[in-house]
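>>> Take a look and give me a structure for this.
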Amino acid sequence: MAKDIISMLKENYKFLIAIAFLWSLLLILSFYSNIRGFEKHSIRLATKQANDYWNKDSAFRTWATRHGGFYVQPDKRTPPNPSLAHLPHRDVETKTGIKLTLMNPAYMMRQMTEEFDELYGVKGRITGQVLLDPEGKINKPDTWELESLKKFDRGEKEIIQIAEINHEPYLRMIRPMIMKEGCVLCHGHLGFKVGDIRGGVSVSVPLKPFEQENYSSQSQSLFSHVSLWLMGLIVLIYISIIKNKQVEKDKLAMDIMSRSQKMDALGQLSGGIAHDYNNMLGVILGYAELLENQLTQQPNLTNYVHEIQHAGERGTKLTKKLLTFAKKNYSEEEQLDLNLLLQHQQDMLKKTLTPRISLILNLKENLWPVWLDESDIEDAILNISINAMHSIKGNGQLTIQTGNQRVDQDAAYSLGVMPGDYVLLSFADTGCGMDKVTQAKIFEPFFTTKGSEGTGLGLSQVYGFVNRSKGAIKVYSEPDKGTHLTLYFPRYNTSEKTKSSETVNLLPSSPTDKNILVVDDEIALLNLTCEILSENGFNVFAAENAKQALDILESRNIDALVTDIIMPEMDGYQLAAIVQEKYPAIKIQFISGYTKDVNETMVEDTLQKNLIHKPFSSQELILTIQKLLDKK
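Numbers count the residues shown, from 1 in each chain. This next block holds a predicted model:
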């Protein structure tokens, strides 16, 4: 996981930085918006509190004004109000001798707000530009209140502002105080009439409690935003990893598809070349065999024929390699134990590798069986070992290892196989290794790094064999660090396949009365096949294409049809399907140097399995035809 994160960060750091920047900017804007919201909310709460206090003070003052004030016993805190000295009834004495002094509504309000300030920190007072106190010591407006009173003269009804009182922030609110009937008694002598604005009533709410609450909310918001930011980054990294893996997965799928298409195209090309080459080899080897039969009394000429046959057989081996890559040869598969096979090959491999290269076998116990062609897997082991030897300069080591492995869905996808149990056969050498460019080409036919010393068919043959076996090949290599090549083969379960136990009866029956129709678009090979059959007593009819063959079938009584598969206009599969439908008694034998998948489903599997591969010998052809005719 850590490696995935580091790799992803290296590959996508610009994209991640851009997304992380946008994500951070978004959260910063959100946090700033929250802070502004908290501040506005605090101001709204403080304003509401100021409004509630002002309304309470106003209600109390209205009630007190309606009653003209109250008489109370004077004390140190409530002495007679000097501003009411002009009232003759300011001070009175009860019949019992208790002295009382008049508290007008404004005096009561001033004392009440002072008490409230001491208890709750909320300041409130009545002020004005013209005061009862001639010295201006009581209720004198401060600078903010004086400016607000002047605004009342210009028609404003309410003023709210944040200001400092004793270096502490307060929300201050002031509204005008209107003269009423009850106010005339105390303030009428100052020239005020009912309805005049004689001052203002202010309320100052401390903001510190609201700021503390605001700070707590901001801290919680900061924690939430930081947590959300971190979670966002984690999700971003996770999504990037998933996206990166998906991109790699898609790239791998495209690479697999591209490689598969490329190898299929090369396989078609190789198969086509092998087909034409097999036709030529068939003519050469066939006539060489006929010539050999005619030169039994001339040993020197017979030796020449043997050289021709030897060269033809070498060419046959080459076409087999091409057909193995093209996945069109029919192999003899059986249940195998790779450990046992490697132990049998060990001495031969050591001699092949020479003493300068150490061979190490790490064979897993209880290795699962596989269903493979023994000759193919032996050739694959030998080819890979020889490649390893050529890659090692001087002394070195080749390690061959076997193992069992369960391949899950993801691993199967990357390998291009079905999930399930697989037997692993791996080769690790200490050679020069390969770069990525070379690795992409190693399975192509005729690609070689050995110059004129290599044919370029060894690994392509291995590739065709492994793919035909429904397996996969995994290659890891770096320059100067050797190569690690692993072959995956499906685990074989004994219930899946059974080997045929049919015994082939090669005893010929008399063919002299049998009519054989031979169809082949390669004229030289057609003539050769007809001559071989004629010399062995068969009545032979020749056709260069399927149309000619159908015309002959309408006019002749044919016992067996011997046809090539790849032909123009109508191939052997299509011809065989028509013959099976119209002439079910006629027996059919395919001959071909290469087959295509097109139209192969039109005929029975047994016809494909009994195919004679070009080039073939006279004996092989005659024995196969005799066996075909002997079947009931």
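>>> Look up the closest residue to Val283, ignoring the ones flanking it.
Using CB to CB, 6 or more residues apart in numbering and skipping the chain neighbours, the partner closest in space to Val283 is Ala524 (4.4 Å). C-betas here are computed from N, CA, C, even on glycine.
>>> contacting residues around the helix or strand where the one you found lies?
Using DSSP states H and E, Ala524 sits in helix 523-535. By CB atoms under 8 Å, 6 or more residues apart in numbering, the list of residues contacting helix 523-535 from outside reads 279, 282-283, 286-287, 290, 516, 518-520, 540, 542, 544, 562, 591, 614, 618, 621-622, 625.
>>> Check stretch 200-208 too.
Against stretch 200-208 from outside (CB under 8 Å, 6+ apart): 42, 46, 49-50, 53-54, 57-58, 61, 109, 121-128, 145, 148-149, 152, 162, 165, 168-177.
>>> about what we covered before: around the residue nearest to Val283, how many other residues sit close by?
Using other CB atoms under 10 Å, Ala524 has 15 neighbouring residues.
>>> Reduced to three states, what does Gln397 come out as?
strand (DSSP: H, G, I helix; E, B strand; the rest coil).
>>> Tell me if I'm right that it and Thr430 touch.
Yes. Using CB atoms under 8 Å, Gln397 is in contact with Thr430, at 5.0 Å.
>>> can you give me the strands in the stretch 451-600 of the chain?
According to DSSP state E, counting those that start in this stretch, the stretch 451-600 of the chain carries its strands in the segments 472-477, 483-490, 515-519, 539-543, 560-564, 587-592.
>>> rewinding a little: select only the buried ones of the contacts of helix 523-535 in PyMOL?
Buried members of these can be picked out in PyMOL with the line below, counting by 16 or more other CB atoms under 10 Å:
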select buried, resi 279+282+283+286+287+290+516+518+519+520+540+542+562+591+614+618+621+622+625
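>>> which intervals of the stretch 251-400 of the chain have sub-threshold pLDDT?
Residue ranges of the stretch 251-400 of the chain with pLDDT under 70: 252-253, 255-272, 274-275, 317-318, 320-332.
>>> go again using 90 as the cut-off
Scanning the stretch 251-400 of the chain for pLDDT under 90 picks out the ranges 251-334, 344-345, 347-349, 351-352, 354, 373-380, 382-383, 386-387, 390-391, 393-394.
>>> those helices in it, which residues are they?
Taking DSSP state H, counting those that start in this stretch as the test, the helices found in the stretch 251-400 of the chain are 299-326, 338-353, 374-391.
>>> Show residues contacting the shortest one.
The set of residues external to helix 338-353 that reach it, using CB under 8 Å, 6+ apart, is 359, 361, 363-364, 367, 370, 374, 377-378, 381-382, 385-386, 388-389, 398, 400, 402, 423, 425, 489.
>>> Is it possible to mark the buried ones in these?
Among the contacts of helix 338-353, those that count as buried by neighbour count (16+ other CB under 10 Å) are 359, 367, 370, 377-378, 381-382, 385-386, 388-389, 398, 400, 402, 423, 425, 489.
>>> CA-only coordinates of stretch 487-494, as CSV, when you get a sec.
Extracted in CSV, the C-alpha atoms of stretch 487-494 (Å, rounded to 0.1, in the frame of the first residue of the first chain):
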residue,chain,number,x,y,z
LEU,A,487,5.1,-20.2,-17.4
TYR,A,488,1.6,-20.7,-16.0
PHE,A,489,-0.1,-24.0,-16.9
PRO,A,490,-3.7,-24.9,-15.7
ARG,A,491,-3.9,-27.6,-13.0
TYR,A,492,-5.1,-30.9,-14.5
ASN,A,493,-7.9,-32.7,-12.8
THR,A,494,-8.2,-36.4,-13.8
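>>> Need the pLDDT of Lys76.
With respect to pLDDT, Lys76 scores 86.
>>> Correct me if wrong, but it is in a strand.
No. Secondary structure of Lys76 (three-state DSSP): coil, not part of a strand.
>>> For stretch 73-87, measure first residue to last.
End-to-end distance of stretch 73-87: 17 Å, with CA to CA, to the nearest Å as the criterion.
>>> chain center to it: distance?
89 Å (CA atoms, centre = their mean, to the nearest Å).
>>> how far does stretch 316-336 stretch from start to finish?
Criterion CA to CA; first-to-last residue distance in stretch 316-336 is 27 Å.
>>> related to what we said a few turns ago, among the contacts of stretch 200-208, name the ones in helices.
Residues of these located in helices (DSSP state H): 42, 46, 49-50, 53-54, 57-58, 61, 109, 145, 148-149, 152.
>>> Now a ChimeraX select for only the buried ones of these.
Buried subset of the ones in helices among the contacts of stretch 200-208, written as a ChimeraX selection, criterion 16+ other CB under 10 Å:
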select :42,46,49,50,53,54,57,61,109,145,148,149,152
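>>> Take the ones in helices among the contacts of stretch 200-208 and write them to CSV, including pLDDT.
Formatted as CSV, the ones in helices among the contacts of stretch 200-208 follow (pLDDT from 0 to 100):
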residue, pLDDT
Ser42, 89
Ala46, 91
Gln49, 90
Ala50, 90
Tyr53, 88
Trp54, 88
Asp57, 82
Ser58, 83
Arg61, 79
Met109, 80
Glu145, 87
Ser148, 90
Leu149, 90
Phe152, 89
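>>> Reformat the ones in helices among the contacts of stretch 200-208 into CSV and put distance to Gln439 next to each item.
Below are the ones in helices among the contacts of stretch 200-208 laid out as CSV (distance: CB to CB, whole Å):
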residue, distance to Gln439
Ser42, 68
Ala46, 74
Gln49, 78
Ala50, 80
Tyr53, 84
Trp54, 86
Asp57, 90
Ser58, 91
Arg61, 96
Met109, 96
Glu145, 89
Ser148, 86
Leu149, 92
Phe152, 91
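>>> quick one: which of the ones in helices among the contacts of stretch 200-208 is nearest Gln220?
Ser42 (14.5 Å; CB to CB).
>>> on that earlier part again, who has more neighbours, Gln397 and Thr430?
Thr430 (20 against 16).
>>> Show the pLDDT at that one.
93.
>>> List phi and psi for it.
phi -110, psi 30 (degrees, to the nearest 10).
>>> contacting residues around it?
Here Thr430 is in contact with 392, 396-398, 482 (criterion: CB under 8 Å, 6+ apart).
>>> who's in contact with the closest residue to it other than its chain neighbours?
Computed as CB to CB, 6+ apart, the closest residue to Thr430 that is not its neighbour in sequence is Gly396, at 4.2 Å. Contact analysis of Gly396 by CB under 8 Å, 6+ apart lists 356-358, 429-431.
>>> Quick one: buried ones out of the residues you listed?
Restricting these to buried positions leaves 357, 429-431, with burial counted as 16+ other CB under 10 Å.
>>> so Lys631 touches Lys587, yeah?
Yes. With contact defined as CB under 8 Å, Lys631 and Lys587 form a contacting pair (7.0 Å).
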